[in-house]
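Asker: Quick one, what's the 3D model for this:
(one chain, ligands or ions: 2)
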Amino acid sequence: MSATTPTCDRHDAAPADSESAPTSVAPAESGADRTASADPAPHRAGFVTLVGRPNVGKSTLLNRLVGTKLAAVSAKPQTTRNRIVGILTRPEVQIVLVDTPGIHGGSTPLNARMVATARESLGDADVVMLVVDGATGIGAADREVAAEVGNRARVVAVNKSDVATQQRLLPTCAEVARLVPDAEIVPVSALTGDNVERLLTLVEAALPEGPNLYPPDQVSEQSERFLASEIVREQIVEQTRDELPYTTAVVVDTFREEPARNLLVIQATILVERPTQKGIVIGERGRRIRDIGQAARLQLEAIFGCRVFLELHVKVVREWSKDPRVLREIGL
Ligand SMILES: Nc1nc2c(ncn2[C@@H]2O[C@H](COP(=O)(O)OP(=O)(O)OP(=O)(O)O)[C@@H](O)[C@H]2O)c(=O)[nH]1
Ligand SMILES: [Mg+2]
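Answerer: Ligands and ions are numbered 1, 2, ... in the order given. As a prediction, this is how the structure comes out:
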């Protein structure tokens, strides 16, 4: 889709110096302009990396904080595979949020790459935000992540406060305070948005002073193709649940805009490792793949603000998750 398209309310994938950034959100005042105003508060900007064990709600929190869906979310752990950047720009601050795969001990090549991606993302962080699940409490996997980030974790989001009982939430916060004594600890609900403004205030205070790092209307670094593949993958994970292992990937073959028809044409291939898995994705009389396609299409129409024609194919590629070429193709 071209940046000048009037029909689709789009998300930008352009670099910071691009002339073609579309205006998907209202432009904010730049940091430099602030010095002339009466408000003495300095402008701040920086990278905030969200880390935690799988399934604690990092991606849901990223989507909530940025205010738009950028990252796939599912009830199954290990949903996120890539580093996903979401940018929140306000007059006084630009917060560049980096969602990461959950850190866990998996040892397949795919798992190892996912965890390496999470660790590498810690390198660019101005602020590390540890995310834990307030409903389940702290387990060994959370302790390992906390030990790994140590006192770099400036803020801890104790998520899922909407479903956490007080009896669970309070000891969880107390344990977090022991694990990362210097961090600010905030119970939040990424799902309902409860207390996320407080979280943002603390994050902002921890960021360095400086001008915006991205154009103020840019909300993401990922391409629209990538976003489309993630939305389809999310539906596969969600709708196959325990029937399928983590061995599906989605490659977008065609991403074509037809502005005259207010239409976006997306053709994508779902990779599976075995013929039986192909059957699971397709479902009885093709019902499941139709449901996956339908749910993904509705989301994509909401995201891109235009009609979407989505065509899905399923292909068996044995052991694709061990093939460096395929892993590169899906951005790992
Ligand atoms: N009740 C409740 N559920 C939540 C909340 N945040 C996330 N969830 C749910 O928790 C599950 C996991 O959410 P994700 O955002 O995919 O978790 P994640 O940490 O990104 O997981 P990985 O990508 O696998 O590391 C999903 O079913 C979400 O709907 C919350 O605040 N409250
Ligand atoms: Mg995730």
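Asker: And the residue sitting nearest the centre point of the chain, how close does it get to Arg64?
Answerer: In the chain, the residue lying closest to the centroid (Cα atoms, centre = their mean) is Ala71, at 3.1 Å. Noted for Ala71: a distance of 10 Å to Arg64, by Cβ to Cβ, to the nearest Å. For the C-beta atoms, the positions are set from N, CA and C on the backbone; glycine is no exception.
Asker: Can you classify Thr192 as helix, strand or coil?
Answerer: coil (DSSP: H, G, I helix; E, B strand; the rest coil).
Asker: Next, count neighbours for it.
Answerer: Thr192 is flanked by 13 other residues according to other Cβ atoms under 10 Å.
Asker: Asn159 is in contact with that one, correct?
Answerer: No. Using Cβ atoms under 8 Å, Thr192 is not in contact with Asn159; the gap is 10.8 Å.
Asker: tell me the pLDDT at Pro109?
Answerer: At Pro109, the pLDDT value in this model is 86.
Asker: Kindly report the same for the one 10 residues further on.
Answerer: If you check Arg119, the pLDDT there is 93.
Asker: surely it meets Ile103?
Answerer: Yes. Using Cβ under 8 Å, Arg119 is in contact with Ile103, at 7.4 Å.
Asker: Just the terminal-to-terminal distance for stretch 85-104.
Answerer: Between the opening and closing residues of stretch 85-104 lies a distance of 21 Å (Cα to Cα, to the nearest Å).
Asker: Would you mark the buried spots in it?
Answerer: Buried residues in stretch 85-104, defined by neighbour count with 16 or more other Cβ atoms under 10 Å: 85-89, 91-104.
Asker: Now do the same contact list for Leu207.
Answerer: Contacts for Leu207 (Cβ atoms under 8 Å, 6 or more residues apart in numbering) come out as Arg44, Ala45, Gly46, Val48, Val93, Ile95, Asp126, Val127.
Asker: Backbone dihedrals for the first one, please?
Answerer: Put plainly, it is Arg44. Main-chain torsions, Arg44, degrees, to the nearest 10: phi -120, psi 150.
Asker: Quick check: bridge partners of it?
Answerer: Val93, Glu209 (DSSP bridges).
Asker: Can you tell me how far it is from Asp99?
Answerer: Counting by Cβ to Cβ - Arg44 and Asp99 are separated by 20 Å.
Asker: quick one: Gln78 and Leu110, what's the gap?
Answerer: For Gln78 relative to Leu110 (Cβ to Cβ), the value is 9 Å.
Asker: One more: Pro211?
Answerer: From Pro211 to Leu110 the distance is 38 Å (Cβ to Cβ).
Asker: Compare neighbour counts for these two and give me the winner.
Answerer: Leu110 (21 against 13).
Asker: In a helix, Ala125, correct?
Answerer: No. Assigned with three-state DSSP, Ala125 falls outside any helix and is coil.
Asker: which residues touch it?
Answerer: Neighbours of Ala125 in contact, by Cβ under 8 Å, 6+ apart: Phe47, Val48, Thr49, Val98, Arg152.
Asker: Was I right to think Pro77 contacts Gly106?
Answerer: No. Assessed by Cβ under 8 Å, Pro77 is found out of contact with Gly106, at 9.9 Å.
Asker: which residues do those two both contact?
Answerer: In contact with both Pro77 and Gly106: no residue, using Cβ under 8 Å, 6+ apart.
Asker: Can you tell me which of the contacts of Leu207 comes closest to Leu271?
Answerer: Val48 (32.3 Å; Cβ to Cβ).
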